[in-house]
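Novice: Let me see the structure of the following:
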Amino acid sequence: MKALIFAAGLGTRLRPLTNDRPKAMVEIAGKPLLQHVIERVAAAGFDDITINIHHFGQTIIDFLEQKSNFGLDIHISDERSLLLDTGGGILKARQWLDGDEPFLVHNTDIISTLDLRAFYDYHVQHDAMATILVKERKTQRYLLFDENDRMCGWTNKATGEIKPDAEKLVGKQLNELAFGGLHVISPSIFPHLERFRRAQGDKFSIIPFYIDECKHHLIHGYHPVTDYQWLDVGKPETLVQAQQLLGND
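Specialist: Numbering: from 1, shown residues only. Below you'll find the model as predicted:
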């Protein structure tokens, strides 16, 4: 099973911790964030892992060599010359992710107790182009889903903006859910990502792509009924919470 771990972020919200290391190498409970995610992903059965790098990328390469790649098949998607954002990063890693099976995408700054295998299996059962983890949490920007958990659009509550077709979405009973930083994606996405790249350039976020494509392809929201813990540790105020969560693993 394949997975892509995003480890290329600049980690600006975690400065000064990231002044001399990538965000993925910030330590919590005695291990770098990247190691926590690799171990969680591997425990769920993902053994073919691609990791993208940019900020202090050699630090990650050296760490993986020291750990003998954790006994996994690990590939490096090198973005040191240009940070490509999430959509561009997925497309850059295509050579390792393409094929006939879906792949997991996991941000290194998301720590959770989510059952990753159940998430993957849900995607397979629903035969979507992409399945994205969503949560009921307070934010300004929400993804919009119908009663069947199909993504229909996006809204910014601060500005009132709605995409892609505001006139068709206004007045509908839609669920507003926040993105949780994890996806399961089918390789059928790649031709559409290539088309989007030609229009937008090499660097682009995956969320605007999803907003454009949800009219034409099935993009599912996943919000399991079973309780689990979830933290965005890209911010200093959540580091203490992460320490408590991961210290109990």
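
Novice: do you know how far residue 78 is from residue 3?
Specialist: Using Cβ to Cβ, to the nearest Å, residue 78 is found at 18 Å from residue 3. To be clear about C-beta, it is placed using only N, CA and C from the backbone, and glycine gets the same treatment.

Novice: So those two - more neighbours on which side?
Specialist: Taking other Cβ atoms under 10 Å, residue 78 and residue 3 do not tie; residue 3 has more neighbours (26 against 14).

Novice: In contact with that one, which residues are there?
Specialist: 41, 46, 48-50, 103-106 (Cβ atoms under 8 Å, 6 or more residues apart in numbering).

Novice: Considering those residues, which is situated nearest to residue 145?
Specialist: Taking Cβ to Cβ as the measure, residue 145 lies nearest residue 105 of these, at 19.0 Å.

Novice: And what about that closest one, helix, strand or coil?
Specialist: Classification of residue 105 by DSSP: H, G, I helix; E, B strand; the rest coil places it in strand.

Novice: Check whether it really touches residue 183, as I assumed.
Specialist: Yes: counting by Cβ atoms under 8 Å, residue 105 does reach residue 183; the two are 4.3 Å apart.

Novice: Look up phi and psi at residue 47.
Specialist: Main-chain torsions, residue 47, degrees, to the nearest 10: phi -120, psi 0.

Novice: correct me, but it touches residue 70?
Specialist: No: counting by Cβ under 8 Å, residue 70 is not a contact partner of residue 47; they are 9.7 Å apart.

Novice: Contacts for the lowest-mean-pLDDT helix or strand in the chain, please.
Specialist: Lowest by mean pLDDT, DSSP states H and E among the helices and strands of the chain is helix 239-247, with a mean of 76. Helix 239-247 has contacts (Cβ under 8 Å, 6+ apart) with 14, 26, 28-29, 31, 36, 111, 113, 229, 231, 233.

Novice: Which residues does residue 106 form beta bridges with?
Specialist: Taking DSSP bridges, one finds residue 5, residue 182 as the beta-bridge partners of residue 106.

Novice: Give me the buried positions along stretch 136-155.
Specialist: Using 16 or more other Cβ atoms under 10 Å as the test for burial, stretch 136-155 gives 142-145, 149, 151-155.

Novice: what's the first-to-last distance across that stretch?
Specialist: Using Cα to Cα, to the nearest Å, the end-to-end distance of stretch 136-155 comes out at 14 Å.

Novice: How about residues contacting that stretch?
Specialist: Against stretch 136-155 from outside (Cβ under 8 Å, 6+ apart): 132, 134, 156-158, 161-165, 169, 172-179, 207, 210-211, 214, 218-223.

Novice: Same question for stretch 34-41.
Specialist: Counting by Cβ under 8 Å, 6+ apart, 3, 5, 7, 24-25, 28-29, 49, 51, 60, 63, 67, 70, 72, 104, 106, 108, 110-111, 116, 246, 249 sit against stretch 34-41.

Novice: Show me those that map onto helices.
Specialist: Among the contacts of stretch 34-41, the residues falling in helices (DSSP state H) are 60, 63, 116, 246.
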